[in-house]
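**Student:** Structure for the following, please:
(chains A and B)
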Amino acid sequence: EAGVAQSPRYKIIEKRQSVAFWCNPISGHATLYWYQQILGQGPKLLIQFQNNGVVDDSQLPKDRFSAERLKGVDSTLKIQPAKLEDSAVYLCASSLLTNTEAFFGQGTRLTVV
Amino acid sequence: AQKITQTQPGMFVQEKEAVTLDCTYDTSDPSYGLFWYKQPSSGEMIFLIYQGSYDQQNATEGRYSLNFQKARKSANLVISASQLGDSAMYFCAMSFNDYKLSFGAGTTVTVRA
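**Tutor:** Below is the predicted model of the structure:
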């Protein structure tokens, strides 16, 4: 079974530029999560989808971050414009159902200079 | 509001010894799930063990066991017979009634030969 796929693995951009991350969850997984993990900290949930609907986006900075999950499968997370404090690893995860274990992708390491 | 607390930022353990990682939580929801994840220096997030709030017995998975004390709202992870490969960051996570999967700050474990 293929795992959660994320791309790109690494990205360096200048502040005020835009960037997009892509995630393809495990086939059949209804729940998809995007997390932001700053070095040395625990992952912070940005947005959670159930199929193609948003379950929670209370910690998503909506003035600059957006995410979508069209057709309830893969998802994109966009930052526009980026700030220095957005430098982090962005993790995508999926689970078969809510309240079951989530499987994580390798993450995208974003550096904003 | 739900909250997950890991009070041990870092721990050292001798190879072949057991180590206990603390996790406490605060919720008024009767239904929740408890998870532990391991994050080695390579960055991937690996699921270790799960316990449901209604489960009567403590979960075990190989060398991992979860000491679930519901009345005290704690869910400590016990790693028996530590190995050098256990050196990593360990995160406690919870899925609450609203299904958000939230993480604690993590505990770094270093296994000494």
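**Student:** got any ranges where chain A has weak pLDDT?
**Tutor:** A:1 (pLDDT under 70).
**Student:** now the strands: where do they sit in it?
**Tutor:** A:5-7, A:10-13, A:19-24, A:31-37, A:44-50, A:53-56, A:65-68, A:75-79, A:88-95, A:103-104, A:108-112 (DSSP state E).
**Student:** is chain B contacted by the longest one?
**Tutor:** Yes - with Cβ under 8 Å from any Cβ of the partner chain as the threshold, strand A:88-95 lies in contact with chain B, specifically through A:Val89, A:Leu91, A:Ala93, A:Ser95. Just so you know, the C-beta spots here come from the backbone N, C-alpha and C atoms, and that holds for glycine as well.
**Student:** before we move on, what about the shortest one?
**Tutor:** Yes - with Cβ under 8 Å from any Cβ as the threshold, strand A:103-104 lies in contact with chain B, specifically through A:Phe103, A:Phe104.
**Student:** Mind putting the strands of chain A into CSV with mean neighbour count?
**Tutor:** Converted to CSV, the strands of chain A look like this (neighbours: other Cβ atoms under 10 Å in any protein chain shown):
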stretch, mean neighbour count
strand A:5-7, 16
strand A:10-13, 14
strand A:19-24, 19
strand A:31-37, 24
strand A:44-50, 21
strand A:53-56, 14
strand A:65-68, 18
strand A:75-79, 19
strand A:88-95, 24
strand A:103-104, 20
strand A:108-112, 18
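**Student:** Could you pull up the contacting residues of B:Gln2?
**Tutor:** B:Tyr25, B:Asp26, B:Thr27, B:Asp29, B:Met94, B:Phe96, B:Lys100, B:Ser102 (Cβ atoms under 8 Å, 6 or more residues apart in numbering or on different chains).
**Student:** Below-threshold pLDDT in chain B: ranges please.
**Tutor:** Looking at chain B by pLDDT under 70, you get B:1, B:97-98.
**Student:** which parts of it sit against chain A?
**Tutor:** Close to chain A, as judged by Cβ under 8 Å from any Cβ, chain B has residues B:6, B:31-33, B:35, B:43-47, B:50, B:52, B:91, B:95, B:98-106.
**Student:** Give me the buried entries from the residues you listed.
**Tutor:** B:6, B:32-33, B:35, B:45, B:47, B:50, B:91, B:95, B:99-106 (16 or more other Cβ atoms under 10 Å in any protein chain shown).
**Student:** So which of those sit within strands?
**Tutor:** In this view, these that belong to strands under DSSP E are B:Gly33, B:Phe35, B:Phe47, B:Tyr50, B:Phe91, B:Ser95, B:Leu101, B:Ser102, B:Phe103.
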